[in-house]
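S.K.: missing the sequence, but the structure's below:
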Ligand code: GDP
Ligand code: IMO
Ligand code: MG
């Protein structure tokens, strides 16, 4: 394996957690590279549901080392709570979790700033996860951020926090009043936790790779939420594709051997922003209920749409995807009929790429083909037992993705996964 990266190819919640859990069976190290506690990655093991926000999903396999890379924005309170939850479930993190000293810390001022930004946007609000992600990445870019290493440095933390708070106050011009002492106290509360786990994932990765160990990079969000390549401004605040993973883990892009793209059998979107293939009723409600499409982080209902092959071609092309993992094939079974978007049309003309501007995208109409659904997939563990219409559906995905299909997920549980010849 060397280095394998797992990325979401749609608008997030494709089932990355489940796929990372499966692939981490053969991994020594799993790395979260970007994003923060806006992510919610679900793994279902023996009917016990684990939802991970910051800690790599590989933590559920006891011999796997977990790294939180420089590209992640770390909410210390969430991290602390997540460790506690895992320990309560009998999963030890001590000695196998390293957080980069370079990773930025999400502070209370970031959440306060996000509330003000959303308010200011009015009708054009993004409906973010309100986890302070955007303002934290903004402070990083503005060189006002507080990093994990800063929290550990008792002699300089005070002045850095004071500067960040002063700048935030000016930019927010009001809103909830948060003084520097409160922020400092917040950082100091979590200093003992960080003392235990702050380190240098770059060194760990380089040493491990030279020893022939296997590394899995766990992407968060989805490529259509990418800050550069997604449906801007309705995106998250970091690079969610392969480029962001390489940078956020601190690896050379050329060291990544395999890119596994996770594709849900339909698309979902939580929060505001375009969803060209949005389903009509009764499919919208039926798929939401069958697929339990409610946010793993915020509980918000997700909007559901038909599989969008135009968007998939775009995501696969830019990310150099080497194989896809198709998830939630079971959710579509027994529907009356299915639609698949094979292209977009702009006033009658076929659109060859994924539009750069959401205004242009709003005028694009999906060109659909109808396709039959299939019967219940319960208990199917081999591709040869998949019903013919399901195989035809997978073939469409394979052709649009331009690469092999390595995995097909037919249920949320660990065992409900079909591995194809990789
Ligand atoms: P992630 O953010 O990409 O890790 O995805 P989420 O965990 O937010 O959402 C995926 C949801 O689908 C979770 O509730 C998973 O347990 C569930 N899931 C994953 N794969 C399958 C599948 O093949 N079938 C069904 N029915 N559920 C799945
Ligand atoms: P995982 O890793 C789905 C969405 C939010 C909002 C937009 C910006 O579980 O797939 P943010 O809080 O990041 O500034 O919000 O991005 N979003 C996600 N949607 N899955 C995620 O992560 C998401 N992370 C952010 O709903 O529309
Ligand atoms: Mg999720």
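M.R.: That came through fine. Values in this document were obtained by computation on a predicted structure and should not be read as measured data. Numbering: from 1, shown residues only. Ligands and ions are numbered 1, 2, ... in the order given.

S.K.: and residue 258, what is it in contact with?
M.R.: 1, 2, 3, 4, 5, 322, 323 (C-beta atoms under 8 Å, 6 or more residues apart in numbering). C-beta coordinates here come from the backbone N, C-alpha and C atoms, glycine included.

S.K.: can you say which of these are buried?
M.R.: 3, 4, 5, 322, 323 (16 or more other C-beta atoms under 10 Å).

S.K.: and ligand 1, is stretch 400-407 touching that?
M.R.: No - judged by C-beta under 6 Å from any ligand atom, stretch 400-407 makes no contact with ligand 1; its nearest approach is 9.7 Å.

S.K.: how about stretch 411-421?
M.R.: Yes - using C-beta under 6 Å from any ligand atom, we find that stretch 411-421 touches ligand 1 at 411, 412.

S.K.: now the end-to-end length of that stretch.
M.R.: One end of stretch 411-421 sits 20 Å from the other (C-alpha to C-alpha, to the nearest Å).

S.K.: report the distance from it to the chain centre.
M.R.: 20 Å (C-alpha atoms, centre = their mean, to the nearest Å).

S.K.: return the set of buried residues in that stretch.
M.R.: Buried residues in stretch 411-421, defined by neighbour count with 16+ other C-beta under 10 Å: 411, 412, 416, 417, 418, 420.

S.K.: quick one on the thing from earlier: could I get the buried ones among the contacts of residue 258 as JSON lines with secondary structure?
M.R.: Formatted as JSON lines, the buried ones among the contacts of residue 258 follow (DSSP: H, G, I helix; E, B strand; the rest coil):
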{"residue": "3", "secondary structure": "strand"}
{"residue": "4", "secondary structure": "strand"}
{"residue": "5", "secondary structure": "strand"}
{"residue": "322", "secondary structure": "coil"}
{"residue": "323", "secondary structure": "strand"}
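
S.K.: for the residue of the stretch 251-400 of the chain found nearest ligand 2, give me its contacts.
M.R.: Here the residue of the stretch 251-400 of the chain nearest ligand 2 is residue 271; by C-beta to the nearest ligand atom that distance is 2.3 Å. The neighbours of residue 271, taking C-beta under 8 Å, 6+ apart as the test, are 126, 127, 128, 129, 234, 300.

S.K.: please apply the same query to residue 105.
M.R.: 73, 74, 75, 76, 136, 145, 146, 147, 148, 150, 151, 187.

S.K.: again with residue 101
M.R.: Counted by C-beta under 8 Å, 6+ apart, residue 101 has contacts 147, 148, 149, 152, 198, 199, 200.

S.K.: enumerate the residues of the stretch 1-150 of the chain near ligand 2.
M.R.: 8, 12-13, 38-41, 126-129, 131, 133-134.

S.K.: which non-adjacent residue is nearest the residue in the stretch 201-350 of the chain that ligand 3 sits nearest to?
M.R.: With C-beta to the ion as the measure, residue 296 is the residue of the stretch 201-350 of the chain nearest to ligand 3, at 4.5 Å. Of all residues not flanking residue 296 in the chain, residue 40 sits nearest, at 2.9 Å (C-beta to C-beta, 6 or more residues apart in numbering).

S.K.: sec struct for residue 24, please.
M.R.: What three-state DSSP gives for residue 24 is helix.

S.K.: quick check: closest non-adjacent residue to it.
M.R.: Per C-beta to C-beta, 6+ apart, closest to residue 24 is residue 58, 3.9 Å.

S.K.: residue contacts, that neighbour?
M.R.: 20, 21, 24, 27, 29, 30, 64, 66, 216, 218.

S.K.: what ranges of the stretch 1-150 of the chain fall below the confidence cut-off?
M.R.: 1 (pLDDT under 70).

S.K.: hmm, what's the outermost residue in the chain?
M.R.: Ranked by distance from the centre of the chain (C-alpha atoms, centre = their mean), the top residue is residue 155, with 35.5 Å.

S.K.: can you give me the helices in the chain?
M.R.: Remark: helices assigned in the chain by DSSP state H are 16-23, 76-88, 108-121, 133-141, 148-152, 157-172, 180-197, 201-210, 242-249, 283-290, 309-319, 358-362, 388-401.

S.K.: looking at these, which is buried most?
M.R.: Counting by mean count of other C-beta atoms under 10 Å, helix 16-23 has the highest mean neighbour count of the helices of the chain, with a mean of 26.

S.K.: is that one positioned near ligand 1?
M.R.: Yes - judged by C-beta under 6 Å from any ligand atom, helix 16-23 and ligand 1 are in contact via 16, 17, 18.
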